[in-house]
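Asks: using only what follows, build the 3D model:
(4 chains)
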Number of protein chains: 2
Amino acid sequence: MFYHPTGPGSTFVHRSVTLRGMTSSGPPPSVPYEASDGRTGLSLTSCTERRLRADAERNRTRLLEVAAGLAAERGAANVTMESIAAAAQVGKGTVFRRFGDRTGLMLALLDHHERQLQAAFLTGPPPLGPDAPALARLRAFGPAVMRHEHRHSDLYLAAQGAPDRRYSTSPHELRLTHITMLLRRTKVPGDVELLAHILLGFLDTGLVHHLLTQRGMCLERLEAGWNDLVDRLGART
Amino acid sequence: MFYHPTGPGSTFVHRSVTLRGMTSSGPPPSVPYEASDGRTGLSLTSCTERRLRADAERNRTRLLEVAAGLAAERGAANVTMESIAAAAQVGKGTVFRRFGDRTGLMLALLDHHERQLQAAFLTGPPPLGPDAPALARLRAFGPAVMRHEHRHSDLYLAAQGAPDRRYSTSPHELRLTHITMLLRRTKVPGDVELLAHILLGFLDTGLVHHLLTQRGMCLERLEAGWNDLVDRLGART
DNA sequence: ACATTAAACGGACCTCGGTCCGGTTGCCCT
DNA sequence: AGGGCAACCGGACCGAGGTCCGTTTAATGT
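Replies: Modelled structure (predicted):
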């Protein structure tokens, strides 16, 4: 259970100033993933934002910088919360107040990369972006995510601490919505919502990493598998 | 890294005496999941078995009993290793020497249930068992696993502590082999090995639990989704 | 300027998983 | 029988995540 999770501070979907976006879900377990705006059909932040105090904002930034540095130099898995606090010359409590827990911090670290990916399939060029037909986008989506996760695998791995919390993060939520939308547009038959979950299951960081490193599969094979899967699902019954 | 993992003591696939089966993989990361025997095409234990000393065996049994009791009364997630040791009147070190880590203990606890499930689809009656056509078995497999995991969800959840280790457990390995075999027999086209991983991804305890409890889906829906998926994959291109 | 207050701060503290090592004991071999 | 030894035992110990609470401070209103 949490103590005072002022949200992971990750807006993820906003394109505006990175300084103010503060998701502050009150009680921990409630992640209201409803909502949707007209433009992209995607919106997550629970809008109960709360401006950070100046010193808090400063600390937050410094913490993220320091954390990124440490993660880069010794691997995300080998960075302790205490070392981050120490390196940022800040009390341990401050770290936890800001990011809730280790997962939250990692998620916040990922925020930058995540935005990049999101921009790619939300507003980027075809075949990922909105100017391509839905099926093509769907096909491109898998490989894009896989490559992305593979490139930052240590961070993504470190960001999925909890066993169940894995499916309640902003990135996951967003991908889910996106994939669902694409499936709808592709007129894929069947339980679209469920299908989206299944497809995303394939893109799970842990699984991809496992297949790549333990099973000796290569990215190309996974991509081919994705395309094949999408094609077969897309076929009308 | 491990210290002295005398294996989780789970044989899982053996039907013989439960007392001696001791998988003791020397170095931790090597889980040689090769092998296969003529009868079922399934075999896992790395065969470097080592008979336990009498007192060790006694302790192991008592630990499992006690652990099961505690898990039943207060939920697997709320059982600490120390409390188990204390309740079994044994030092903490003993617990870890025997089961390696928390995950190992949980896995060992699961062993019993797991055997049951395995027996069902390895030697049980149709449609799960060997006397049914492969496609029917495949269809029956998903729901069976889902129901099973759902029934013991707290244990299964607790058993997948590590982020990556999830895909290297005996149960997972066995299911993988089984599903692969069924896919082959069903003459499903495409990358069968990869498909098996994807299908198993759907059956992931965490995902099932999430869909059931957070997304408000019901078991029937998941089962229907599984059947639909299998059917569509089975269709020839 | 100053009072007020909610938010932020820091670090002592707690818990729990996991490790180490000095002492003990079951097992095998002669 | 008894000696040697590997396996086993217990519990002190450690590190890391997470919490609590007394103190400080930035923002806001007068």
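
Asks: what about the closest residue to A:Leu211 other than its chain neighbours, how many residues close to it?
Replies: Leaving out its chain neighbours, the residue that sits closest to A:Leu211 by Cβ to Cβ, 6 or more residues apart in numbering or on different chains is A:Met217, at 4.6 Å. (Glycine included, C-beta is placed from N, CA and C.) A:Met217: 18 surrounding residues under other Cβ atoms under 10 Å in any protein chain shown.

Asks: could you do A:Glu149 as well?
Replies: 24.

Asks: within the helices and strands, which one has it?
Replies: helix A:134-151 (DSSP states H and E).

Asks: check which residues of that helix are buried.
Replies: A:134-135, A:137-146, A:148-150 (16 or more other Cβ atoms under 10 Å in any protein chain shown).

Asks: one more: stretch A:150-166?
Replies: A:150, A:152-161, A:163, A:165-166.

Asks: swap in stretch A:215-232?
Replies: Under 16+ other Cβ under 10 Å, the buried positions of stretch A:215-232 are A:Met217, A:Arg221, A:Leu222, A:Glu223, A:Gly225, A:Trp226, A:Asp228, A:Leu229, A:Val230, A:Arg232.

Asks: which non-adjacent residue is nearest the residue nearest the centre of chain A?
Replies: Against the mean C-alpha coordinate of chain A, by Cα atoms, centre = their mean, the closest residue is A:Pro171 at 2.5 Å. With Cβ to Cβ, 6+ apart as the criterion, A:Pro171 has its nearest non-adjacent residue at 5.2 Å, and that residue is A:Glu114.

Asks: just confirm that neighbour contacts A:Thr169, I think it does.
Replies: No - under the criterion of Cβ atoms under 8 Å, A:Glu114 makes no contact with A:Thr169, lying 9.6 Å away.

Asks: next up, identify which helix or strand the residue of chain A found nearest chain B is on.
Replies: Closest contact between chain A and chain B, by Cβ to the nearest Cβ, is at A:Gly201 (3.9 Å). Element membership of A:Gly201 [criterion: DSSP H and E] is helix A:192-202.

Asks: tilt between that helix and helix B:192-202?
Replies: 120 degrees (axes from the mean of the first three to the mean of the last three Cα atoms, to 10 degrees).

Asks: was I right about A:Leu110 contacting A:Ala159?
Replies: Yes - if you go by Cβ under 8 Å, A:Leu110 and A:Ala159 touch, sitting 5.7 Å apart.

Asks: quick check, the helix holding A:Glu149 touching chain B?
Replies: No - Helix A:134-151 is not in contact with chain B by Cβ under 8 Å from any Cβ of the partner chain; minimum separation 11.1 Å.

Asks: would you mind pulling the contact partners of the next helix or strand after that helix?
Replies: The C-terminal neighbour of helix A:134-151 among helices and strands, as given by DSSP H and E, is helix A:153-158. Outside helix A:153-158, the residues that touch it by Cβ atoms under 8 Å, 6 or more residues apart in numbering or on different chains are A:71, A:75-77, A:102, A:106, A:109-110, A:113, A:149, A:205-206, A:208-209, B:163-164.

Asks: return only those of these found close to DNA strand D.
Replies: Counting by Cβ under 7 Å from any atom of the strand, A:Arg102 from the contacts of helix A:153-158 sit close to DNA strand D.

Asks: just flag the most distant two among the contacts of helix A:153-158.
Replies: A:Arg102 and A:Val208 (21.5 Å; Cβ to Cβ).

Asks: more crowded one of the two?
Replies: Set A:Arg102 next to A:Val208 and count neighbours by other Cβ under 10 Å: A:Val208 wins out with 22 against 18.

Asks: what residues are up against A:Asp131?
Replies: Per Cβ under 8 Å, 6+ apart, neighbours of A:Asp131: A:Pro125.

Asks: and the gap between it and B:Ala108?
Replies: 54 Å (Cβ to Cβ, to the nearest Å).

Asks: then A:Ala87?
Replies: 40 Å.

Asks: the more surrounded of these two?
Replies: B:Ala108 (24 against 16).

Asks: tell me the buried residues in the helix or strand harbouring the more buried one?
Replies: Using DSSP H and E, B:Ala108 sits within helix B:102-123. For helix B:102-123, burial by neighbour count (16+ other Cβ under 10 Å) applies to B:102-111, B:113-115, B:117-118, B:120-122.

Asks: one more: stretch A:68-87?
Replies: For stretch A:68-87, using 16+ other Cβ under 10 Å, the buried residues are A:Ala68, A:Leu70, A:Ala71, A:Ala76, A:Val79, A:Ile84, A:Ala85, A:Ala87.

Asks: determine which two of those are furthest apart.
Replies: Between all members of the buried residues of stretch A:68-87, the farthest pair (by Cβ to Cβ) comes out as A:Ala76 and A:Ala85, at 16.1 Å.

Asks: on that earlier part again, mind picking the lowest-pLDDT entry from the buried residues of stretch A:215-232?
Replies: Confidence by pLDDT is poorest for A:Arg232 among the buried residues of stretch A:215-232, given 93.

Asks: which of the buried residues of stretch A:215-232 sits closest to DNA strand C?
Replies: A:Met217 (27.6 Å; Cβ to the nearest atom of the strand).

Asks: what about that closest one, which SS state?
Replies: coil (DSSP: H, G, I helix; E, B strand; the rest coil).

Asks: does the helix or strand harbouring A:Thr61 reach chain B?
Replies: If you go by DSSP H and E, A:Thr61 is part of helix A:54-74. No - applying Cβ under 8 Å from any Cβ, one finds helix A:54-74 separated from chain B by no less than 15.7 Å.

Asks: alpha carbons of the helix holding A:Gly201, as PDB, please.
Replies: Output of helix A:192-202 as PDB, limited to C-alpha atoms (Å, rounded to 0.1, in the frame of the first residue of the first chain):
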ATOM      1  CA  VAL A 192     -12.000  -6.600 -30.200                       C
ATOM      2  CA  GLU A 193     -11.300  -5.500 -26.700                       C
ATOM      3  CA  LEU A 194     -10.100  -8.800 -25.600                       C
ATOM      4  CA  LEU A 195      -8.100  -9.200 -28.800                       C
ATOM      5  CA  ALA A 196      -6.300  -6.000 -28.000                       C
ATOM      6  CA  HIS A 197      -5.200  -7.400 -24.700                       C
ATOM      7  CA  ILE A 198      -4.000 -10.600 -26.300                       C
ATOM      8  CA  LEU A 199      -2.000  -8.700 -28.900                       C
ATOM      9  CA  LEU A 200      -0.500  -6.500 -26.300                       C
ATOM     10  CA  GLY A 201       0.400  -9.600 -24.400                       C
ATOM     11  CA  PHE A 202       2.700 -10.600 -27.200                       C
END
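
Asks: elements contacting that helix?
Replies: Under the contact criterion of 3 or more Cβ pairs under 8 Å, 6 or more residues apart in numbering or on different chains; DSSP states H and E, helix A:192-202 touches helix A:170-185, helix A:219-234, helix B:192-202, helix B:205-213, helix B:219-234.

Asks: which residues touch that helix?
Replies: A:142, A:172, A:175-176, A:179-180, A:183-184, A:188, A:207, A:225-226, A:229-230, A:233, B:198, B:201-202, B:204, B:207, B:211, B:215, B:217, B:221-222, B:225, B:229.

Asks: kindly report the residues of chain A close to DNA strand C.
Replies: So chain A meets DNA strand C at A:6, A:50, A:52-53, A:55-56, A:58-59, A:89-94, A:96-98 (Cβ under 7 Å from any atom of the strand).
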